[in-house]
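>>> any chance you could fold what I've pasted below:
(chains A and B)
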Amino acid sequence: MGGLIKSSIARKVAMALSGLFLVFFLLQHFTINLTSIFSAEIFNELSHFMGTNPLVQFALQPVLIFGVVFHFVMGFVLEIKNRNARAVNYAKYNGGANASWMSRNMIYSGLVVLAFLGLHFYDFWIPEMVHKYVEFAPEDAMRYYPELLHKFESPIRTGIYVISFVFLALHLWHGFASSFQSVGFNNKYSIAATKFAKAFSIIIPLGFIIVSLVLHFTH
Amino acid sequence: MNLTLKIWRQSDAKSQGKIVDYQVKGIEGDMSFLEMLDVLNEQLINKGEDPVVFDHDCREGICGACSLQINGEPHGPDRLVTTCQLHMRMFKDGDTIYIEPFRAKAFPVIKDLMVDRSSFDRIQHAGGYISVNTSGNTIDANAIPVNKDDADSAFEAATCIGCGACVAACKNASAMLFTSAKVSQFALLPQGKIEATDRVLAMVNQMDEEGFGNCTNTGACEIECPKGISLENIARMNREYLKASLKG
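Next comes the predicted model:
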């Protein structure tokens, strides 16, 4: 068991599992966001539940934050180790001949997503924490939807969100499908699983983009 | 055809290397890539210059000795061939061809295009074997029934010639495809079950100690492998490793 922590395979599996966890989170986040373009009431209700339920706030939220931090810290550690594994670079390297752009540039798509998370935390999570745990402001179950609309008034912010979702799609395109291989799942069901993962990596970010644009242009 | 070659020259493991330009003329499309280098070396020897050092042995694609990163791809632009099987008809008159050694920290350059791939030998030594009683009463391997699919997969894994193209192609210089082929060729057969736990742990541990990078599933290794070793072997090794770690 001791060697497991240091081994390259364990790190690969850890990246895959934390990534899969974040994929589930994305689906949940998207589902709630999607309600905002159909019903302000349902969006408020779900947001209020997520923002006040002790299980979500004090159990799932810390696990999620740990998952995000673990995934990007491990990503950086692996990137540095991998770069060190080739001391002298090729004068000519034709990476496009044998691997997709997405698979070769996970660190860059991941960095854009990380930078976006910084903005997203600044926009929503930090004000939420200040509201609840610093100012101890009285709870208002109807405040979530107007706050959401306010954020998407700015065309610049909406544009940054849209670009970030494109990079999220690029990151998921390789990451989600390859996580199956990492955990050792490569059999007759792999083609179907890969198709599902590729579809997910387009549909969910595209959905986020549509929600952002609808909130920006319809209000 | 006439070609411009940009070849990595490095006098020994400790020296700084650099790309040097050479011109070769009258190359036929039927020549192999190594024969083209033979032509260049004859020119260099006739001029009293140091010939380009490169690995080669059987020149029929089965020994795994030849290497070379050609125009940014191990064993060049053709598929399912080694450098010795690469024909010059893959290139055209006036082309510029970059020729570099397989690059990885675990494959240090010995001279010019020749690299030390003994790290692969050490991974094999760590667990790439089975225990067989050879004291006179050896049981014929064919006497043990093996599922056809498993036998085929084990055979396919065993066709790995250990050339190192997987490492050279990988952006992370990972040796997962090689190691997984060597693990799989035994893991799938009844004879390999006895040491299965120790084997995968020892071989992966040795692979990590040699300084190879981590696999990120780009799939470049599978595309560039001259023997078409499948990524399925890596998934199998991951499973075997996790199983062995939890057991041991």
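>>> contacts, neighbours, all on C-alpha from now
Noted.
>>> quick one: buried residues of stretch A:25-37?
For stretch A:25-37, the neighbour count (16 or more other C-alpha atoms under 10 Å in any protein chain shown) marks A:Phe30, A:Ile32, A:Asn33, A:Leu34, A:Thr35, A:Ser36 as buried.
>>> residues near the nearest residue to B:Pro51 once chain neighbours are set aside, how many?
Sequence neighbours aside, B:Asn41 is the residue nearest to B:Pro51 in space, at 4.9 Å (criterion: C-alpha to C-alpha, 6 or more residues apart in numbering or on different chains). The local packing of B:Asn41 (other C-alpha atoms under 10 Å in any protein chain shown) involves 18 other residues.
>>> in this structure B:Asn41 contacts B:Phe54, no?
No. Contact between B:Asn41 and B:Phe54 fails when scored by C-alpha atoms under 8 Å: they sit 10.5 Å apart.
>>> how many neighbouring residues does A:Ser178 have?
21.
>>> ok, now which ones touch it?
Counting by C-alpha atoms under 8 Å, 6 or more residues apart in numbering or on different chains, A:Ser178 touches A:Ala16, A:Thr194, B:Asn217.
>>> surely A:Ser212 forms part of a helix?
Yes. Membership of A:Ser212 in a helix is supported by DSSP: H, G, I helix; E, B strand; the rest coil.
>>> which residues touch it?
Going by C-alpha under 8 Å, 6+ apart, the list of residues near A:Ser212 reads A:Phe152, A:Thr158, A:Tyr161, A:Val162.
>>> now swap in B:Leu86 and tell me
Contacts for B:Leu86 (C-alpha under 8 Å, 6+ apart) come out as B:Ser32, B:Phe33, B:His75, B:Gly76, B:Asp78.
>>> of the residues you listed, closest to B:Ser180?
B:Ser180 lies nearest to B:His75 out of the contacts of B:Leu86, by C-alpha to C-alpha, at 20.7 Å.
>>> hey, where'd the helices end up in chain A?
Under the criterion DSSP state H, chain A contains helices at A:2-6, A:8-36, A:40-52, A:54-55, A:61-84, A:101-104, A:106-120, A:126-129, A:144-151, A:155-182, A:190-217.
>>> please work out which of those is packed deepest.
Of all the helices of chain A, helix A:155-182 carries the top mean neighbour count, a mean of 21, counting by mean count of other C-alpha atoms under 10 Å in any protein chain shown.
>>> next one: it to chain centre, how far?
Chain-centre distance of helix A:155-182: 7 Å, with C-alpha atoms, centre = their mean, to the nearest Å.
>>> and for stretch A:211-219?
21 Å.
>>> wait, what's in contact with the closest residue to A:Val23 other than its chain neighbours?
Computed as C-alpha to C-alpha, 6+ apart, the closest residue to A:Val23 that is not its neighbour in sequence is A:Phe176, at 7.6 Å. The contact partners of A:Phe176, by C-alpha under 8 Å, 6+ apart, come to A:Ala16, A:Gly19, A:Leu20, A:Val23, A:Ala197, A:Lys198, A:Ser201.
>>> next: A:Gly110.
Contacts of A:Gly110 by C-alpha under 8 Å, 6+ apart are A:Phe72, A:Phe167, A:Leu168, A:His171.
>>> how about 7 Å then?
Applying C-alpha atoms under 7 Å, 6 or more residues apart in numbering or on different chains, we find A:Gly110 in contact with A:His171.
>>> tell me the pLDDT at it?
At A:Gly110, the pLDDT value in this model is 98.
>>> swap in B:Leu177?
For B:Leu177, pLDDT reads 98.
>>> show me what from chain B comes close to chain A.
Counting by C-alpha under 7 Å from any C-alpha of the partner chain, the residues of chain B close to chain A are B:71-73, B:98, B:103-105, B:172-173, B:205, B:208, B:211-214, B:217-220, B:223-224, B:232, B:235-236, B:238-239, B:245-246, B:248.
>>> ChimeraX command to pick out the buried ones of those?
Buried residues within these, by 16+ other C-alpha under 10 Å, are selected in ChimeraX with:
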select /B:71,72,73,98,103,104,105,172,173,205,208,211,212,213,214,217,218,219,220,223,224,232,235,236,238,239,245
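>>> from the residues of chain B next to chain A, which ones fall inside helices?
Here DSSP H is the test, and those give B:Asn205, B:Asp208, B:Ala220, B:Ile223, B:Glu224, B:Glu232, B:Ala235, B:Arg236, B:Asn238, B:Arg239, B:Ser245, B:Leu246 as lying in helices.
>>> got the contact list for the nearest residue to the third one once chain neighbours are set aside?
The reference is to B:Ala220. Counting by C-alpha to C-alpha, 6+ apart, B:Ala220 lies nearest to A:Asn98, which is 4.7 Å off, once chain neighbours are set aside. The contact partners of A:Asn98, taken as C-alpha under 7 Å, 6+ apart, are B:Ala220, B:Ile223, B:Glu224.
>>> residues contacting the helix-or-strand element of chain B with minimal mean pLDDT, please?
The weakest-scoring helix or strand in chain B, judged by mean pLDDT, DSSP states H and E, is helix B:232-247 (a mean of 94). By C-alpha under 7 Å, 6+ apart, the list of residues contacting helix B:232-247 from outside reads A:1, A:4, A:9, A:181-186, B:176-177, B:180-181, B:183-184, B:197, B:200-201.
>>> what separation is there between the residue of chain A positioned farthest from its centre and B:Trp8?
What lies farthest from the middle of chain A is A:Ala91; by C-alpha atoms, centre = their mean that is 34.9 Å. Shown here: A:Ala91 relative to B:Trp8, a distance of 9 Å by C-alpha to C-alpha, to the nearest Å.
>>> so B:Trp8 sits in a strand?
Yes. Assessed by three-state DSSP, B:Trp8 belongs to a strand.
>>> tell me the domain boundaries of chain B?
In the domain annotation for chain B, the residue ranges read B:3-111, B:117-247 (automatic domain parsing).
>>> of those domains, which approaches A:Ala137 most closely?
Ranking those by proximity to A:Ala137 (C-alpha to C-alpha) places domain B:117-247 first, at 46.1 Å.
>>> quick revisit: by neighbours, which of the contacts of B:Leu86 wins?
Going by other C-alpha under 10 Å, B:His75 tops those with 30 neighbours.
>>> and that one, how close does it get to chain A?
12 Å (C-alpha to the nearest C-alpha, to the nearest Å).
>>> and the closest residue to that residue other than its chain neighbours, its phi and psi?
In this structure, B:His75 finds its nearest non-sequential neighbour in B:Thr83, 4.5 Å apart by C-alpha to C-alpha, 6+ apart. Main-chain dihedrals, B:Thr83, degrees, to the nearest 10: phi -60, psi -40.
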